[in-house]
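Peer 1: Below: sequence and its predicted model.
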Amino acid sequence: MSGEYILEVENLTKDFPGVRALDTVQFKVRRGEIHCLVGENGAGKSTLMNVVSGVYPKGTYEGKVVFKGKETHYRSTKDSENDGLAIIHQELTLSPYLSIYENLFLGHMKTRFGVIDWDACLQDSYPLLERVGLKEKPQTIVSKMSVGKQQLVEIARAISQKAELLIFDEPTSSLNDDESQKLLELLREFRKEGITCIMISHKLDEVLAVADSITILRDGQSIISYDLAERRVSEQEIIRGMVGRELKNLFPKKEPDIGEVVFEVKNWNVFHPDYHTMKIVEDASFFVRKGEIVSFCGPMGAGRTEMMMSIFGNSYGFGASGEIRLKGEKVEFKNPKDAIEKGVGYVSEDRKSLGLILIQDVRTNITNSSLPMLSKYGVLDKDLEMKKAEEYKDTLQIKTPSLFQLVRNLSGGNQQKVVLSRCLLAEPDVFIVDEPTRGIDVGAKFEIYSILNDMVKQGKSVIVVSSELAEAISMSDRIYVMNEGRIKGVLDREEATQERIMHMALID
Amino acid sequence: MANGAQIEHISFFELAKQNMRKLSMFIMLGLIMIVFAILTGGVNLTPRNITNIFIQNSYILILAVGMVLVIILGNIDLSVGSLIAFLGALSAMIYNTGIGLIPTLILSLILGAVIGSFQAFWIAYMRIPAFIVTLAGMLLFRGLTYIITNVTPISLRDDNFKKIASGSMEIKGFSIGGLDGLALLVMVVIIVVLVWSTIQQRARKIKKGFSVLPFKYDIFKILALSALIVFVFTRFAAYRGIPTVGLVLFVVTAVFVFITNNTVIGRYIYAVGGNAKSAKLSGINSEQVVFITHVIMGVISGLSGLVFTAYMNSALPQAGDGFELDAIASCFIGGAAASGGIGTIIGAITGGLVMGAINNGMSLMNIGADWQYVVKASILLLAVFYDIWSRRKTGLG
């Protein structure tokens, strides 16, 4: 029985206080295949992988996990790593101030007589980087690289440990299309070498492109497993299994009602926060009109997030210069508070470390930006606060047992809705959302698109920074294409195609 | 939405379990009192001793109130011990000019605010870690104390000053059955206010359609708190009445419980401590919040210095040595998190009382400072271990 399957999960049940995260899950992975695990946010995918890899030690769950024919008794991920099972988490776990090669061998450095042989480590790092297709010097400090590149380091680290089973948790969620393709190619390489891969993903096109088998989880239960060698499965079929209902449209319909220019940025420049001579954004000019959704597309490192954050009250970089006009008037945002008060909201791409306060409850996270509005003489009207929080919880359909639940216990999509609520409650005229759908499932994505559509319907303006071209094209009225810190051009809704955007970014 | 309140049905055991982390420090304080009551044959519960516990720990408890704000912010303040000496000496010098007690009090608090702003400036706007700024402050203000006092104690011109610490509030001749009348009256008033406000709050919540717990738990809470109040106040009444410093402590606690729970700045302190970057992007002026918090700490150090000077009846150059560590320990025993964002005023006060009760009980048993340190260290470690362990277990916090 141990031959065919490398991993077998039987009747796995895992409880958190007040929530049953996994409910008698069955899950089998064949040796040498690419097995994709799909499901909505909160369906239990990450929890399942955390149990398998020993993040939740034996005894905190019920049921059986069998790896390579033996039942596992992992006390930590260290045990599972030694067993040949590595997990690449959605959140990167590199040590930010160390270099690539130091990170690669962290915890299992080459030693000679107990002394680390850094030369050997450095030497060994070249083929590893080569294998994952990362073109950087091994001495580069990890925190100076983009998230996409950091992820490649993480993968290189996992394969350096002779892993037999690699688990990827949303590997492409912070990668652009080109990098995603490379990553999928990497998975196929691994398959050829006999390494088994499990991939958790929300991107169904990618799933269908690489998977040998697919398992769907919904509400903590394993719904169905497909063997793609036996028959083909369509995206619609998978989505139906994930949500338990048919999703007719991935993107809600939007009838544009566009007015005059509300927000305009001219000749924006900003420099790197550490290297003051390195220009991150160069001479960028753009505008947004009333009732318009405008997207910013471009490869990773194009400077989109950096530009938005520096505009939003100098939250990024050094020596920002340029002109901002809000409703025709020239304005300056000294800090985020200033920007929010003048009617600009910003939702960060990094909701966990820049968007939310994870140790606080849902209510507090929703109202944090609007406390002065909810108070008199500095004293909070707590009833009003509750009412407002309740209102946004209902309109944005935040799924939480109560407003007093800590946001860290919510799923990604619901966390994102909390951040959106916080920004909406402050009533912005211009709403900048950075990768609003990163790492969240199809159903929640649809809801977030609807929220953005509702905003423009109310006469507000929305700026979306998006790495998913399909999303940008279907959602926006205009698309700015950026690369290497410059705005390379702008496309109308009608003329925008994925090819044109890529062409504009990379070639024009 | 707001039509008809829901009553959450929950068993007593479940409710207690949910609130275990909040309740644990009260239980710990109760257990410590009981253990020492057994060991000392009840001496630690006598009216005189209960009053003494409050008086002897008042300046630490006051400090802990400020310190917990700093800790919630994710910072630490090492300078408060030296500040107590410095501000205590200044207050004695001001008082000795003969301008009276109230002006001395006001001036001391203002001086506290000024010194607080000095340190707060470096921390908030120059971005120097609070640990370093206040470490410098600890040395600086100890030095300045020695300079202004010539390393000799400053005695006070009359006995009025010391009443802040050791005096009690009394109305001459108002006594009931040999007990101090004012203390009993205040006790009754507090209980009435407690009952009234609980009922009011409940009615308000029901009216607004928020969910409430069954009424019996409110009654249980009132009974438990009343029992505690009756215990403390009858002790006060049987000795000298309510100690003045008890009033000071009560006012400080009440003001800061209100600030942390019901004001914008209070919320901002939690937000900045919980995640400074995210707070900043949410439109919170985090520098200002850090600044204000450290100014508050300065003012509170001024008050604590005043109380300590009154307690010693003179300003000592070595005053306040190590108080910063007692105050910090109180906060952590009381459930504050070193990483910031978590902590309560009531927790810090309870933590301070835990330490005070141990000091007091062991002193009554004639156990010296040597073993007191050992026991306090164990309690600190255990309390924080329990806190972290229970948080990890439940996956909350």
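Peer 2: Perfect, I can see it now. Residues are numbered from 1 along each chain as shown, chains lettered A, B, ... in the order given.

Peer 1: any idea how far the residue of chain A most remote from its centre is from B:Asp159?
Peer 2: Most distant residue from the mean C-alpha position of chain A: A:Phe113, 42.6 Å away (C-alpha atoms, centre = their mean). For A:Phe113, the distance to B:Asp159 (C-beta to C-beta, to the nearest Å) stands at 74 Å. Where you see a C-beta, it was placed from the backbone N, CA and C, and this is true even at glycine.

Peer 1: mind showing which ranges of chain B have poor pLDDT?
Peer 2: Residue ranges of chain B with pLDDT under 70: B:1-7, B:393-397.

Peer 1: how about the residues of it near chain A?
Peer 2: B:1-2, B:204, B:208, B:210, B:262-265, B:267-268, B:270-271, B:274-275, B:277-285, B:341-342, B:394-397 (C-beta under 8 Å from any C-beta of the partner chain).

Peer 1: Quick check on the residues you listed: which are buried?
Peer 2: B:210, B:263-265, B:267-268, B:270-271, B:274-275, B:277-285, B:341-342, B:396-397 (16 or more other C-beta atoms under 10 Å in any protein chain shown).

Peer 1: gap between the residue farthest from the centre of chain A and chain B?
Peer 2: Separation of A:Phe113 from chain B (C-beta to the nearest C-beta, to the nearest Å): 38 Å.

Peer 1: again, but for A:Ala120
Peer 2: From A:Ala120 across to chain B, the span is 37 Å (C-beta to the nearest C-beta).

Peer 1: swap in A:Ser295?
Peer 2: When A:Ser295 is compared with chain B (using C-beta to the nearest C-beta), they lie 21 Å apart.

Peer 1: tell me the SS of that residue?
Peer 2: For A:Ser295, the secondary-structure state derived from DSSP: H, G, I helix; E, B strand; the rest coil is strand.

Peer 1: Beta-bridge partners for it, please?
Peer 2: A:Val464, A:Ile479 (DSSP bridges).

Peer 1: Check it and give its pLDDT.
Peer 2: Looking at A:Ser295, its pLDDT is 94.

Peer 1: Hmm, it is touching A:Ser466, no?
Peer 2: Yes - counting by C-beta atoms under 8 Å, A:Ser295 does reach A:Ser466; the two are 5.4 Å apart.

Peer 1: my read: A:Asp23 touches A:Ile223, true?
Peer 2: No - using C-beta under 8 Å as the test, A:Asp23 is too far from A:Ile223 to be in contact (11.2 Å).

Peer 1: Give me the common contacts of those two.
Peer 2: Common neighbours of A:Asp23 and A:Ile223, using C-beta atoms under 8 Å, 6 or more residues apart in numbering or on different chains, do not exist here.

Peer 1: Ignoring the adjacent residues along the chain, who's closest to B:Gly343?
Peer 2: B:Ala336 (3.1 Å; C-beta to C-beta, 6 or more residues apart in numbering or on different chains).

Peer 1: picking up where we left off before, intersection of neighbour lists for A:Ser295 and A:Ser466?
Peer 2: Shared contacts of A:Ser295 and A:Ser466 (C-beta under 8 Å, 6+ apart): A:Ala472, A:Met475.

Peer 1: neighbour-wise, which of the two wins?
Peer 2: Just comparing A:Ser295 and A:Ser466: by other C-beta atoms under 10 Å in any protein chain shown the higher neighbour count belongs to A:Ser295, 28 against 24.

Peer 1: which ones are touching that one?
Peer 2: By C-beta under 8 Å, 6+ apart, the contact list for A:Ser295 reads A:Ile463, A:Val464, A:Val465, A:Ser466, A:Ala472, A:Met475, A:Ser476, A:Arg478, A:Ile479, A:Tyr480.

Peer 1: 10 Å instead?
Peer 2: A:304, A:433, A:462-466, A:468-469, A:471-481, A:491, A:493, A:496, A:501 (C-beta atoms under 10 Å, 6 or more residues apart in numbering or on different chains).

Peer 1: And for B:Leu101?
Peer 2: Contacts for B:Leu101 were tallied using C-beta under 10 Å, 6+ apart; they are B:Tyr95, B:Asp158, B:Asn160, B:Phe161, B:Lys163, B:Ile164, B:Leu306, B:Ala310.

Peer 1: mind checking how far the host helix or strand of B:Leu15 is from the chain centre?
Peer 2: Using DSSP states H and E, B:Leu15 falls within helix B:12-18. Distance, stretch centre to chain centre, for helix B:12-18: 27 Å (C-alpha atoms, centre = their mean, to the nearest Å).

Peer 1: which residue packs closest to the residue in the stretch 101-250 of chain A positioned nearest to chain B, ignoring adjacent ones?
Peer 2: Nearest to chain B, among the residues of the stretch 101-250 of chain A, is A:Ser143, at 14.5 Å (C-beta to the nearest C-beta). Spatially, and ignoring its direct neighbours in sequence, A:Ser143 is nearest to A:Pro96 (3.7 Å; C-beta to C-beta, 6+ apart).

Peer 1: How about B:Ile259?
Peer 2: With C-beta to C-beta, 6+ apart as the criterion, B:Ile259 has its nearest non-adjacent residue at 4.7 Å, and that residue is B:Gly266.

Peer 1: measure that neighbour to B:Gly356 for me?
Peer 2: For B:Gly266 relative to B:Gly356 (C-beta to C-beta), the value is 26 Å.

Peer 1: Likewise for A:Asn335?
Peer 2: 43 Å.

Peer 1: Among these two, which residue is more densely surrounded?
Peer 2: Taking neighbours as other C-beta under 10 Å, A:Asn335 and B:Gly356 compare with B:Gly356 leading, 22 against 19.

Peer 1: for B:Gly98, what are its contacts?
Peer 2: Contacts of B:Gly98 by C-beta under 10 Å, 6+ apart are B:Thr104, B:Arg157, B:Asp158.

Peer 1: how is the chain carved up into domains?
Peer 2: Since you didn't name a chain, this refers to chain A. Domain assignment for chain A, taken from automatic domain parsing, gives A:5-243, A:249-343+A:429-508, A:356-427.

Peer 1: I was thinking of chain B, sorry if that wasn't clear
Peer 2: Domain ranges of chain B: B:22-169+B:243-366, B:171-239, per automatic domain parsing.

Peer 1: if I read this right, B:Ala124 contacts B:Ala276, doesn't it?
Peer 2: No - using C-beta atoms under 10 Å, B:Ala124 makes no contact with B:Ala276, being 11.4 Å away.

Peer 1: what sits in contact with each of the two?
Peer 2: In contact with both B:Ala124 and B:Ala276: B:Ser286, B:Val289, B:Val290, using C-beta under 10 Å, 6+ apart.

Peer 1: need the contact list for the last one.
Peer 2: Read that as B:Val290. B:Val290 neighbours (C-beta under 10 Å, 6+ apart): B:70, B:73-75, B:120, B:123-125, B:127, B:130, B:268-269, B:272-273, B:276.

Peer 1: again with the first one
Peer 2: Residues in contact with B:Ser286, defined by C-beta under 10 Å, 6+ apart, are A:335-337, B:73, B:124, B:268-269, B:271-273, B:276-280.

Peer 1: if you set the cut-off to 8 Å instead, what comes out?
Peer 2: Contact criterion C-beta under 8 Å, 6+ apart gives B:Tyr268, B:Val272, B:Ala276, B:Ala279, B:Lys280 as the residues in contact with B:Ser286.
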